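S.K.: Below is the sequence, then the predicted model.
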Amino acid sequence: MAIDLSQSMATGDFERPDGSVTDRLSAVRMVVDEFITKRRDDRIGLLVFGDRAFVQANPTKDHATVRRLLADLRTGLAGSNTAIGDGIGLSISMMEDSHQNQKILILLTDGKDTASRLSPLQAAEIAKRKRVQIHTIAVGRLGSRGDEEVDAESLTEIAESTGGQFFMASDAKALESVYDTLDGLTPHETETLSFQPKVQWFWVPVLLALVVLIVFFLNEIVGAANRNSPQLGCGEPDDRG
């Protein structure tokens, strides 16, 4: 997961289901944390981007650590700009050595790219070659201006070019719905253990050996008995007439 930490993520315009309002990043932390708890068998990595992209956690099944790092995220931590392309590029590098059949990046931002050394569309092309599927999420409100303007067109192209989908969320409920949809779209990685009962055949050669020994000893006993028994037959004629 790649999360935008630019300064605009501190904007307090996200309405919660209870009607209260919070900032964008707080809403994202809450929803993403719930998403992680559902993906208990997945390897999950976390990176953030602002002026540059930074790895917070390499893909791991230690979700407690990932959630703790997620809770520590603060706006401006990675700078005030938005380096979407660099975030995609670093995500690809994080998954480079993975042997998993499916590699997925969920990228969330509230603006447009303003600081990347690698353009987002170039990064998406690399992701496509590396078979990394990208889902993009825009938070905030369409129609914003300046650096906070959401580049929905580019985010849509990034997602669709890699086989992913683009989502727009303007409040906490919509964001929850997005992650629920992603949970359904993305197969859960599972590890299963199978047990196949085994028939124990070791007793067969043991029994055969025992039978052979019994037959051998019976033959010996019979042979000894035959040797020790008196021989009946015609003897020498005696001289008594």
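M.R.: On my side now, so go ahead. Numbering: from 1, shown residues only.

S.K.: quick one: contacts for L5?
M.R.: Shown in contact with L5 (C-beta atoms under 8 Å, 6 or more residues apart in numbering): L25, V48, F49, G50, L73, R74, T75, G76, L77, A78, G79. The way it works is simple: take the backbone N, C-alpha and C, and place the C-beta from them, glycine included.

S.K.: State the helix or strand in which the second one lies.
M.R.: If you go by DSSP states H and E, V48 is part of strand 44-49.

S.K.: May I have the strands that pair with that strand, each with its orientation?
M.R.: strand 2-4 (parallel), strand 53-60 (antiparallel) (DSSP bridges).

S.K.: ranges for the helices of the chain?
M.R.: Chain-ordered helices for the chain, with DSSP state H as the definition, fall at 24-38, 63-71, 84-94, 120-129, 152-161, 172-185, 203-228.

S.K.: Tell me which of the ones you listed sits nearest to D110.
M.R.: Taking C-beta to C-beta, helix 24-38 is the member of the helices of the chain nearest to D110, at 5.8 Å.

S.K.: just checking, what packs against the closest one?
M.R.: Taking 3 or more C-beta pairs under 8 Å, 6 or more residues apart in numbering; DSSP states H and E as contact, the helices and strands that helix 24-38 lies on are strand 14-15, helix 63-71, strand 132-139, helix 172-185.

S.K.: switch to 7 Å and redo it
M.R.: Of the remaining helices and strands, those touching helix 24-38 by 3 or more C-beta pairs under 7 Å, 6 or more residues apart in numbering; DSSP states H and E are helix 63-71, helix 172-185.

S.K.: next one: the longest one to chain centre, how far?
M.R.: To tie it back to what came earlier, the one meant is helix 172-185. Centroid displacement of helix 172-185 relative to its chain, using C-alpha atoms, centre = their mean, to the nearest Å, is 19 Å.

S.K.: One more: the shortest one?
M.R.: Its chain's C-alpha centre and that of helix 63-71 lie 16 Å apart, by C-alpha atoms, centre = their mean.

S.K.: Which of the strands paired with strand 44-49 sits closest to V212?
M.R.: For the strands paired with strand 44-49, the distance to V212 is smallest for strand 53-60, at 58.9 Å, taking C-beta to C-beta.

S.K.: pLDDT (mean, whole number) over stretch 19-27?
M.R.: When the per-residue pLDDT values of stretch 19-27 are averaged, the result is 94.

S.K.: Check which residues of that stretch are buried.
M.R.: Buried positions in stretch 19-27, judged by neighbour count with 16 or more other C-beta atoms under 10 Å: T22, D23, R24, L25, S26, A27.

S.K.: How about the first one, nearest residue that isn't a chain neighbour?
M.R.: If I follow you right, that is T22. Here the nearest residue to T22 in space, its sequence neighbours aside, is F14; by C-beta to C-beta, 6 or more residues apart in numbering that works out to 5.3 Å.

S.K.: Distance check, the one you found against R67.
M.R.: Summarising the geometry, the distance separating F14 from R67, computed by C-beta to C-beta, to the nearest Å, is 20 Å.

S.K.: Between those two, point out the one with more neighbours.
M.R.: Per other C-beta atoms under 10 Å, whichever of F14 and R67 has more neighbours is F14, with 25 against 19.
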